[in-house]
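Chemist: this is a predicted model, with the sequence first.
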Amino acid sequence: MSDQISTQFLSYGKQAIDAGFKAQQLALQNFEHILGLQLKSLEDRVGATLAFVGEASEVRDLEAVKTVWPKGVALAKESGEQLYQVGQEVLNASLKTSEAIGQLFKAQVEAANDGLVKPAVKRAAAAK
């Protein structure tokens, strides 16, 4: 009887470790996805900013400032919008990953409960 329980505990322990590795893999995939989104956004914004700075560096009079000023405002607006959009994508990806990891561990807890706790409760009730 105790050998059977030990075997079950070892089996559930192995399953828990496997679930931990799967959760870690999901988390790392999410990290890679988020990092890719942020690097792409950074590359885009740096390119746009450098183009603006190059154009702004050629300004020599007030009329040129009047033409560059709206471009600077548009650049700031686009940067803010892109920051918000990337933030929303990062949040969405993180939520999906968290849900997947939660479901993975929920299945492990339910399997352990069904395999160990419920039979033990039945045996204890039958012994009384």
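Modeler: Nice, I can see it.

Chemist: and the helix or strand where residue 47 lies, what other elements does it pack with?
Modeler: Using DSSP states H and E, residue 47 maps to helix 2-56. Judged by 3 or more C-beta pairs under 8 Å, 6 or more residues apart in numbering; DSSP states H and E, the packing partners of helix 2-56 are helix 62-112. All C-beta atoms are positioned from the backbone trio N, CA, C, and that covers glycine.

Chemist: show me what the helix or strand just after the helix it packs on is packed against.
Modeler: For helix 62-112, the succeeding helix or strand toward the C-terminus, using DSSP H and E, is helix 118-127. If you count contacts as 3+ C-beta pairs under 8 Å, 6+ apart, helix 118-127 packs onto no helix or strand.

Chemist: could you give the angle of helix 118-127 to helix 2-56?
Modeler: Put simply, helix 118-127 runs at 150 degrees to helix 2-56, going by axes from the mean of the first three to the mean of the last three C-alpha atoms, to 10 degrees.

Chemist: for residue 34, what are its contacts?
Modeler: Going by C-beta atoms under 8 Å, 6 or more residues apart in numbering, residue 34 touches 90, 93, 94.

Chemist: count of residues packed around the last one?
Modeler: Here the count is done by other C-beta atoms under 10 Å, and residue 94 has 15 residues near it.

Chemist: which residue, other than its chain neighbours, is closest to the residue nearest the centre of the chain?
Modeler: The residue lying closest to the centre of the chain (C-alpha atoms, centre = their mean) is residue 94, at 2.9 Å. Excluding the flanking residues, the one nearest residue 94 by C-beta to C-beta, 6 or more residues apart in numbering is residue 30, at 6.4 Å.

Chemist: correct me if wrong: that neighbour contacts residue 97.
Modeler: Yes. When contacts are counted by C-beta atoms under 8 Å, residue 30 is listed as touching residue 97 (3.9 Å).

Chemist: hmm, residue 29 and the residue nearest to the centre of the chain touching each other?
Modeler: No. Taking contacts as C-beta under 8 Å, residue 94 lies outside contact range of residue 29: 11.7 Å.

Chemist: okay, now residue 48: neighbour count?
Modeler: Look at residue 48: counted by other C-beta under 10 Å, it has 16 neighbours.
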